[in-house]
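*Asks:* task: produce atomic coordinates for the following.
(2 chains)
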2 protein chains.
Amino acid sequence: MRIDVRKAAELLLDHDNIIILVHSNPDGDTLGCGFSLLRALRQLGKKAEVALPRSVGKKYGYLYEDLGHQDFEPEYVVSVDVADVKLLDEDIKEKYEGKINLAIDHHPSNCVECEYLLLEDTAAAACEILYKVINELGAEVDKKIADCLYTGISTDTGCFRYSNTSAQTYRFAADLVEKGADGAYINRIMFDTKTKSYVILERLVMDTLEMHFGGRCAMTYLTTDMYEKSGSDETEAEPLASKTRQIEGVDIGIFLKEKDDGTFKISLRTLEPIDASAICKMLGGGGHARAAGCQSEGPLESVKEKIISKVSEYLNQ
Amino acid sequence: MRIDVRKAAELLLDHDNIIILVHSNPDGDTLGCGFSLLRALRQLGKKAEVALPRSVGKKYGYLYEDLGHQDFEPEYVVSVDVADVKLLDEDIKEKYEGKINLAIDHHPSNCVECEYLLLEDTAAAACEILYKVINELGAEVDKKIADCLYTGISTDTGCFRYSNTSAQTYRFAADLVEKGADGAYINRIMFDTKTKSYVILERLVMDTLEMHFGGRCAMTYLTTDMYEKSGSDETEAEPLASKTRQIEGVDIGIFLKEKDDGTFKISLRTLEPIDASAICKMLGGGGHARAAGCQSEGPLESVKEKIISKVSEYLNQ
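*Replies:* Residues are numbered from 1 along each chain as shown, chains lettered A, B, ... in the order given. Predicted structure coming up:
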């Protein structure tokens, strides 16, 4: 049953011993929702916990490290920023699937089976909805709650860069920094901090840049020896796939990443109308229209030839 | 004479044939100020022009390309976001030094000789002040003016990332997107698009990275030969100043940029509590607490020694 902010607040006020579910590989928005709601509920004298997934990035520590644990038998289950129960950690899904009382979300595709659904798909971040809910609950938006909500708003808009950023987004950010959110700190941690080893790795990878098809296709590669040279490892390689696509005029960015067994992961990032997924499918891979991947045996030169010939085939279709 | 927004608007309403000065190597804030003011004045039936410096980045074209030229003998001279007449292009400085009627700025170090000064040093961007002035003038903030003002606000805050971003900054951004500013487009152009020549230039500059003071200070440099090697020019060098400060653990980022005459522009970017402006003042420069600059004669090695010794002096205070 679809409900509004006021009804969601009423339901929360009417219940206690509340367990809050966030999605796996949690990002700033789902964690910001979870811990702002937990803090608001505890402020109102209720017991509340977030069911924390296994892998939470260290950088999110400031959202919850000051909080103590509360022991209770969950009586009310609330999911935040979870579009689908498949996006919960397996053990959490097993425990709570079919038992969610209230789902608060901003994904138009939300398909969580729940008693009540508060869905605002024009909100850039689910934290925008939580800000309204917490105000409606009558809890004070203190510095910690403001930090949580600001984190969700900033991370889900790419620091106010994506087209989902609305006037409401900026107005809520204004309120939250007035209430003590440390935007500069949060954005520095989320968007503006690179390890020295990453900086060196990026340099090594960008040194391999080559352009094809009159400048519309850019390719870089990473070989395993670069990890040692830079003092980095594979966990730091993720942002490199999107670097080539940022080059002006490039609508096909290719990133080749050598793995320990000498095979290569090929990642494609494209701009409209290039279908990255269609190109990767030719090599047995897949993905989304703007971001897709596939695998290939080495050596490097033959991987390069293979993907360039498939791009050529796609462009000539 | 220090004046407020209302008095500045009165002065502008009382005059016509207004020439607007912006600083050399113009950034989004000075250009956003210049062209929003020009548009507001023309809307009110006045003649107005921006004295455009020699090198303006192509990406700023949308701020002014739709505007026609107006021929008139300047009767009133207004500088925007210009902290010092030394920051004007040489020919513009020669023509207007000592003749500036109104200076509108947000740099605490402003030392422009002028009849009237509207200085709000808590504004993250001079465009925040211009927004107030334009409202006070009674001009309509149309889509084009909103784009200009948003550009200044977004670029001077690093897309709402720096600690200068205040509640007012977000509130003005909210107003401006409501009035039609295309934040997503502007931020993609300003922060998420790199020319191929820039990518190569960045690589050459990052190759010069050196660390000092146990990793808390990182320094890179750009020499003029790198422009030729990369196919770029000085207009592309601006974002490089902040790259070193992004490295984890670095609270003092230094960027040395050689100029055509062999002298160097030194740019500092710092984290709290390091006062970049205090360090740059030791070398005759100035700026903000987290971003400041100064000049030095070459050669490169002596510039490096000079700035490192001043940083050392500052840290030992």
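
*Asks:* list the contacts of A:Tyr96.
*Replies:* Contacts of A:Tyr96 were listed using CB atoms under 8 Å, 6 or more residues apart in numbering or on different chains, and they are A:19, A:21, A:51, A:77, A:79, A:85, A:88. (Glycine included, C-beta is placed from N, CA and C.)

*Asks:* what about chain A, any weak spots by pLDDT?
*Replies:* Along chain A, no part satisfies pLDDT under 70.

*Asks:* got the residue ranges for the strands in chain A?
*Replies:* A:18-21, A:48-51, A:76-80, A:100-105, A:114-119, A:210-212, A:217-222, A:252-258, A:264-270, A:286-287, A:291-296 (DSSP state E).

*Asks:* go through these and name the closest to A:Asp182.
*Replies:* With CB to CB as the criterion, A:Asp182 lies closest to strand A:48-51 of these, at 21.1 Å.

*Asks:* identify the residue nearest A:Ala291 in space, chain neighbours excluded?
*Replies:* In this structure, A:Ala291 finds its nearest non-sequential neighbour in A:Arg269, 5.5 Å apart by CB to CB, 6 or more residues apart in numbering or on different chains.

*Asks:* so the one you found makes contact with A:Gly287?
*Replies:* No. Counting by CB atoms under 8 Å, A:Arg269 stays clear of A:Gly287, with 10.1 Å between them.

*Asks:* between these two, which one's more packed in?
*Replies:* A:Arg269 (24 against 16; other CB atoms under 10 Å in any protein chain shown).

*Asks:* A:Arg171 contacts B:Tyr170, correct?
*Replies:* Yes. If you go by CB under 8 Å, A:Arg171 and B:Tyr170 touch, sitting 7.0 Å apart.

*Asks:* the two - which one has more neighbours?
*Replies:* Taking neighbours as other CB under 10 Å, A:Arg171 and B:Tyr170 compare with B:Tyr170 leading, 26 against 18.

*Asks:* how about that one, what does it touch?
*Replies:* A:170-171, A:173-174, A:177, B:160.

*Asks:* check those residues and tell me the two furthest apart.
*Replies:* Of all pairs in the contacts of B:Tyr170, the most separated under CB to CB is A:Arg171 and B:Phe160 at 13.0 Å.

*Asks:* circling back: ok, the residue nearest to A:Ala291 - contacts?
*Replies:* Here A:Arg269 is in contact with A:241-242, A:244-245, A:252-253, A:255, A:276, A:290-291 (CB under 8 Å, 6+ apart).

*Asks:* which of the contacts of A:Tyr96 tops the neighbour count?
*Replies:* Going by other CB under 10 Å, A:Ser79 tops the contacts of A:Tyr96 with 30 neighbours.

*Asks:* enumerate every residue touching the nearest residue to that residue once chain neighbours are set aside.
*Replies:* Leaving aside its sequence neighbours, A:Ser79 sits nearest to A:Leu21 (CB to CB, 6+ apart; 4.2 Å). Contact partners of A:Leu21, counting by CB under 8 Å, 6+ apart, are A:34, A:50-51, A:77-80, A:82, A:88, A:92, A:96, A:100.

*Asks:* what's the local residue count around the closest residue to A:Asn110 other than its chain neighbours?
*Replies:* Closest residue in space to A:Asn110, ignoring its immediate chain neighbours: A:Ala83 at 5.1 Å, by CB to CB, 6+ apart. By the criterion of other CB under 10 Å, A:Ala83 has 19 neighbours.

*Asks:* can you give me the helices for the stretch 1-150 of chain A?
*Replies:* If DSSP state H, counting those that start in this stretch is used as the criterion, the helices of the stretch 1-150 of chain A fall at A:5-13, A:28-43, A:90-96, A:126-137, A:143-156.

*Asks:* taking strand A:76-80 as reference, get the angle to the second one.
*Replies:* In terms of direction (axes from the mean of the first three to the mean of the last three CA atoms, to 10 degrees), helix A:28-43 departs from strand A:76-80 by 150 degrees.

*Asks:* check contacts around A:His212.
*Replies:* A:218-219, A:308, A:311.

*Asks:* of those residues, which ones also sit close to chain B?
*Replies:* A:Ala218 (CB under 8 Å from any CB of the partner chain).

*Asks:* with neighbour count added, can I get the contacts of A:His212 in TSV?
*Replies:* Shown next, in TSV, are the contacts of A:His212 (neighbours: other CB atoms under 10 Å in any protein chain shown):
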residue	neighbour count
A:Ala218	25
A:Met219	22
A:Ile308	16
A:Val311	22
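
*Asks:* which one of the contacts of A:His212 is nearest B:Thr155?
*Replies:* Looking across the contacts of A:His212 and measuring by CB to CB, the closest to B:Thr155 is A:Ala218, at 25.5 Å.

*Asks:* the closest residue to that closest one other than its chain neighbours: neighbouring residues, count only.
*Replies:* Spatial nearest neighbour of A:Ala218, chain neighbours left out: A:Thr244 (3.9 Å); criterion: CB to CB, 6+ apart. If you count neighbours by other CB under 10 Å, A:Thr244 ends up with 26.

*Asks:* then A:Met282?
*Replies:* 15.

*Asks:* can you tell me which two in the contacts of A:Tyr96 are farthest apart?
*Replies:* Farthest pair in the contacts of A:Tyr96, by CB to CB: A:Ile19 and A:Val85, 14.4 Å.

*Asks:* interface residues of the stretch 51-200 of chain A facing chain B?
*Replies:* So the stretch 51-200 of chain A meets chain B at A:154, A:159-163, A:165-171, A:173-175, A:177-178, A:183-184, A:187-188, A:191-196, A:199 (CB under 8 Å from any CB).

*Asks:* picking that back up, mind putting the contacts of A:His212 in a markdown table, distance to A:Leu38 included?
*Replies:* A markdown table is the format used below for the contacts of A:His212 (distance: CB to CB, whole Å):
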| residue | distance to A:Leu38 |
| --- | --- |
| A:Ala218 | 44 |
| A:Met219 | 46 |
| A:Ile308 | 51 |
| A:Val311 | 48 |
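
*Asks:* of the contacts of A:His212, closest to B:Leu12?
*Replies:* Closest to B:Leu12, out of all of those and judged by CB to CB, is A:Ala218, at 47.3 Å.

*Asks:* on that earlier part again, isn't the residue nearest to A:Asn110 up against A:Ser109?
*Replies:* Yes. At 5.5 Å, A:Ala83 counts as touching A:Ser109 under the criterion of CB under 8 Å.

*Asks:* list residues touching both of the two?
*Replies:* By CB under 8 Å, 6+ apart, no residue touches both A:Ala83 and A:Ser109.

*Asks:* quick one on the thing from earlier: mind listing what the residue nearest to A:Asn110 touches?
*Replies:* A:23, A:105, A:107, A:109-112.

*Asks:* show me just the buried residues among the residues you listed.
*Replies:* Using 16 or more other CB atoms under 10 Å in any protein chain shown as the burial test, these include A:23, A:105, A:107, A:110, A:112 as buried.

*Asks:* how close does the residue nearest to the last one when sequence neighbours are not counted get to chain B?
*Replies:* Going back to what we said before, that points to A:Val112. Spatial nearest neighbour of A:Val112, excluding adjacent residues (CB to CB, 6+ apart): A:Ala103 at 4.5 Å. Distance from A:Ala103 to chain B, counting by CB to the nearest CB, to the nearest Å: 28 Å.

*Asks:* pretty sure A:Ala103 contacts A:Ala126?
*Replies:* No. Using CB under 8 Å, A:Ala103 is not in contact with A:Ala126, being 10.3 Å away.

*Asks:* out of the contacts of A:Tyr96, which is nearest to A:Ser230?
*Replies:* Proximity of the contacts of A:Tyr96 to A:Ser230 (CB to CB) peaks at A:Leu88, which lies at 35.5 Å.

*Asks:* residue contacts, the residue lying closest to A:Ala8 once chain neighbours are set aside?
*Replies:* Leaving aside its chain neighbours, A:Ala8 sits nearest to A:Leu118 (4.4 Å; criterion: CB to CB, 6+ apart). A:Leu118 is in contact with A:2-5, A:7-8, A:102-105, A:129, A:133, counting by CB under 8 Å, 6+ apart.
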